[in-house]
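**Student:** model this:
(2 chains)
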There are 2 protein chains.
Amino acid sequence: MAEPTGGAPLTYEGAGVSIAAQDRALAKVKRLAKATFTRGVLSEIGGFGGLFTLEPDDPAGVVLVASADGVGTKLKVAQMAGAHGTVGEDLVNHCVNDILVQGARPLFFLDYFASGHLEPGVAVEVIEGLARGCSANGCALLGGETAEMPGFYQPGEYDVAGFIVGSCRRDRLLRRENAATGDLLVALPSSGLHTNGYSLARKVFFEVLGLGVGSEVPGLGETVADALLAVHRSYLAAVAPLLDEGLVTSAAHITGGGIPDNLPRALPDGVGAEIRLDSWDEPALFRVIRDAGRVPEDDMRRTFNLGVGMILVVAPDRLGAVLARLVPHGPGWVIGCCVAGRGVRFVKG
Amino acid sequence: MAEPTGGAPLTYEGAGVSIAAQDRALAKVKRLAKATFTRGVLSEIGGFGGLFTLEPDDPAGVVLVASADGVGTKLKVAQMAGAHGTVGEDLVNHCVNDILVQGARPLFFLDYFASGHLEPGVAVEVIEGLARGCSANGCALLGGETAEMPGFYQPGEYDVAGFIVGSCRRDRLLRRENAATGDLLVALPSSGLHTNGYSLARKVFFEVLGLGVGSEVPGLGETVADALLAVHRSYLAAVAPLLDEGLVTSAAHITGGGIPDNLPRALPDGVGAEIRLDSWDEPALFRVIRDAGRVPEDDMRRTFNLGVGMILVVAPDRLGAVLARLVPHGPGWVIGCCVAGRGVRFVKG
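**Tutor:** A predicted model of the protein is given here:
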């Protein structure tokens, strides 16, 4: 395990991301967006995906669920490693999960790829990953924009964003309102950092530990690039059968903000969550980051998924069926339960 | 009028944008995307928007038309001028036009906003523009992603991408296959550069002419910032009534690549276009760029809209009605006609 350094502990704010500033701007943005809402809009901004229906009077009509996402500074790791083949899958899977937690299956995806000077080989490698991700999720790569913006991105760098549209029958949407005290929380394992926490993780590996992308992660037996570029898992194959059977009440995709910020998005007012810390073994990668960066526990929890990529809210009488159906996809586990209150409380034992 | 300089003529490739490299990459990307197509996909990539239907067996079913776009380096001008309030409208209107030329009206829009360090005031100013653009087009701003990527964008810079979904009855889609020799081409005036050609335009104004954003454009009586930040016009209000009456056969949004690259996207194999150069007065802004940059005519035509933001393909017996309906929105004019052949031929007289 990495030794703590003598420097100041690393936090996500210290790594350059101001969550408070984001929150203030997002609140204003929500008000601006809400003023544009037309009759087809079923959601307020802030769900994992936006909801729109062409049939506002049909309670069982088709609802389109849409989401936009980026890959964040995981891209920097790909660019340092010269390995551009997986960030596209990260992006598609991230988007798929964002609409899956609202009950939707993907229909189509569009991308935005921007660089200062288009290196066709790199763009094609990224888009091959997008196409692979789309195929694996039964989602059409319907279009996109490839922008060459001289002087805008540094040589060798690019940004990529993705937009997904899926659908769900309105009466089959997962709704936070349906979650209740006593419901159980079933966690699905993540496949690494997914696409969150990379500004902090990069500081730890490349500055505090002074490693390169080809160095071995202390104690892990794999390179920094392999550990940090592990593909963001898609939960579609595991969760879609549960949705078909109506076994899931609500769900949260654990992304930026971790469990404390994302799980409450799947719960109604008056319902909080108790998370049992001894219910899972945190993957070693997170321990390396915590120890080497001397990252405070609260920052770890609000920055990383800590091994938990998705949490399903499940009624107690459906738990057995849910756990059984998950086994072939990699087992889930009961990570806690819904309690009266608000927010997330982490408990030991 | 600006004097030609003694330097080499400016071309878009010389300004750092490699159109050939883009084309090669895009061809590969099209193949990759096509392999992901599911039964709902009605289009190949390369239309102005991608087409997807939830009702593949219904010839009059609802088709979703989706498009992704950016603002390109027009953003740099906004950032130089510290004026972030209009690029959001540019983006929405660009997206609206891209699906309009397929016959679709907008339903909803999502954005991706990325910066190195989130300046909440700037982000909110951009998104206020998005919201204003969405409202003006009857389109819901359904969601988006605001990404803070430390070390990725230079201080004060950001990128913004947009994603639009609209709809159209399948039997009302505008189809290039329906355009025929003898059809007339009706041009709609642009409101400036729209969102294309900014790498070349910035070179001319800021390097060749050595102007600042606050300088007056020679002979124009407005500042460089005002001229270059004029909002990309939305053609929805002008064109939607024509679509309602079935007066338009096909249409092209004149964006990157100009008339020569975009008009053929609205025409079938075997049908070309003859464009009469004396049918309109090119706005003075384009003459300034051509003269000061000594830009070859072919580069001008493939880089800028030259005053033509959209071209409608109209059957001769509908021309009178089309021109009459356009008058309240700013008149259109007959810029040419469809001829046997391929591509675009510019003719004098």
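**Student:** Quick check: phi and psi on the residue most central in space within chain A?
**Tutor:** Centroid-nearest residue in chain A, with Cα atoms, centre = their mean: residue A:255, separated by 3.5 Å. As for residue A:255, its main-chain torsions (degrees, to the nearest 10) stand at phi -120, psi -140.
**Student:** same thing with residue A:216?
**Tutor:** Dihedral pair for residue A:216: phi -80, psi 140, per degrees, to the nearest 10.
**Student:** For the residue nearest to it when sequence neighbours are not counted, which residues are in contact?
**Tutor:** Nearest in space to residue A:216, with sequence neighbours left out and distances taken as Cβ to Cβ, 6 or more residues apart in numbering or on different chains, is residue A:223 at 6.0 Å. Glycine gets a C-beta too; all of them are placed from N, C-alpha and C. Residue A:223 makes contacts with A:213, A:214, A:215, A:216, A:217, as judged by Cβ atoms under 8 Å, 6 or more residues apart in numbering or on different chains.
**Student:** Make sure I have this right: the second one is in a strand.
**Tutor:** Spelled out, it's residue A:214. No. Applying DSSP: H, G, I helix; E, B strand; the rest coil, one finds residue A:214 to be coil, outside a strand.
**Student:** and it, what does it touch?
**Tutor:** Counting by Cβ under 8 Å, 6+ apart, residue A:214 touches A:81, A:223, A:224, A:225.
**Student:** which one of those sits closest to chain B?
**Tutor:** residue A:81 (16.0 Å; Cβ to the nearest Cβ).
**Student:** quick one: pLDDT of the closest one?
**Tutor:** pLDDT recorded at residue A:81 is 97.
**Student:** The stretch 1-150 of chain A: strands as residue ranges?
**Tutor:** A:50-53, A:62-70, A:105-115, A:140-148 (DSSP state E, counting those that start in this stretch).
**Student:** can you redo those strands as TSV with distance to chain B, mean neighbour count and mean pLDDT?
**Tutor:** Listed next are the strands of the stretch 1-150 of chain A as TSV, based on distance: least, Cβ to the nearest Cβ, whole Å; neighbours: other Cβ atoms under 10 Å in any protein chain shown; pLDDT from 0 to 100:
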stretch	distance to chain B	mean neighbour count	mean pLDDT
strand A:50-53	3	24	95
strand A:62-70	4	27	96
strand A:105-115	4	25	97
strand A:140-148	3	27	92
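**Student:** From what I see, the residue nearest to the centre of chain A and residue A:262 are in contact.
**Tutor:** Yes. Look at residue A:255 against residue A:262 with Cβ atoms under 8 Å: they come within range, at 6.2 Å.
**Student:** coming back round to it: restricted to buried residues, select the contacts of residue A:223 in PyMOL.
**Tutor:** Restricted to buried positions by 16 or more other Cβ atoms under 10 Å in any protein chain shown, the PyMOL selection for those reads:
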select buried, chain A and resi 213+217
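**Student:** Including pLDDT, could the contacts of residue A:223 go into TSV?
**Tutor:** Shown next, in TSV, are the contacts of residue A:223 (pLDDT from 0 to 100):
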residue	pLDDT
A:213	97
A:214	97
A:215	97
A:216	96
A:217	95
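**Student:** from the contacts of residue A:223, which is closest to residue B:183?
**Tutor:** residue A:213 (56.6 Å; Cβ to Cβ).
**Student:** residues touching residue A:314, list them.
**Tutor:** Residue A:314 neighbours (Cβ under 8 Å, 6+ apart): A:183, A:184, A:185, A:186, A:247, A:248, A:249, A:322.
**Student:** Who wins on neighbours among the residues you listed?
**Tutor:** residue A:185 (30 neighbours; other Cβ atoms under 10 Å in any protein chain shown).
**Student:** which residues touch the helix or strand where that residue lies?
**Tutor:** Under the criterion DSSP states H and E, the helix or strand holding residue A:185 is strand A:184-189. Strand A:184-189 has contacts (Cβ under 8 Å, 6+ apart) with A:233, A:235, A:238-239, A:263, A:273, A:275, A:279-280, A:307-316, A:319, A:322-323, A:326, A:330, A:332-338.
**Student:** what residues does the stretch 151-300 of chain A put near chain B?
**Tutor:** Within the stretch 151-300 of chain A, the positions near chain B by Cβ under 8 Å from any Cβ of the partner chain are A:151, A:152, A:157, A:159, A:161, A:163, A:165, A:167, A:199.
**Student:** Just the closest of the residues you listed to residue B:96, please.
**Tutor:** Closest approach to residue B:96 among these (Cβ to Cβ): residue A:163, at 15.6 Å.
**Student:** so what's the closest one scoring on pLDDT?
**Tutor:** pLDDT, residue A:163: 98.
**Student:** what do you get for residue A:5?
**Tutor:** Here, the pLDDT recorded for residue A:5 equals 39.
**Student:** what about residue A:23, neighbour count?
**Tutor:** When neighbours are counted by other Cβ under 10 Å, residue A:23 registers 12.
**Student:** oh, I was asking about residue A:100
**Tutor:** Residue A:100: 31 neighbours (other Cβ under 10 Å).
**Student:** Put together a markdown table for the contacts of residue A:314, with distance to residue A:344 on each row.
**Tutor:** A markdown table is the format used below for the contacts of residue A:314 (distance: Cβ to Cβ, whole Å):
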| residue | distance to residue A:344 |
| --- | --- |
| A:183 | 14 |
| A:184 | 15 |
| A:185 | 10 |
| A:186 | 15 |
| A:247 | 23 |
| A:248 | 19 |
| A:249 | 17 |
| A:322 | 21 |
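**Student:** Among these, find me the one that's closest to residue A:26.
**Tutor:** Closest approach to residue A:26 among these (Cβ to Cβ): residue A:185, at 25.5 Å.
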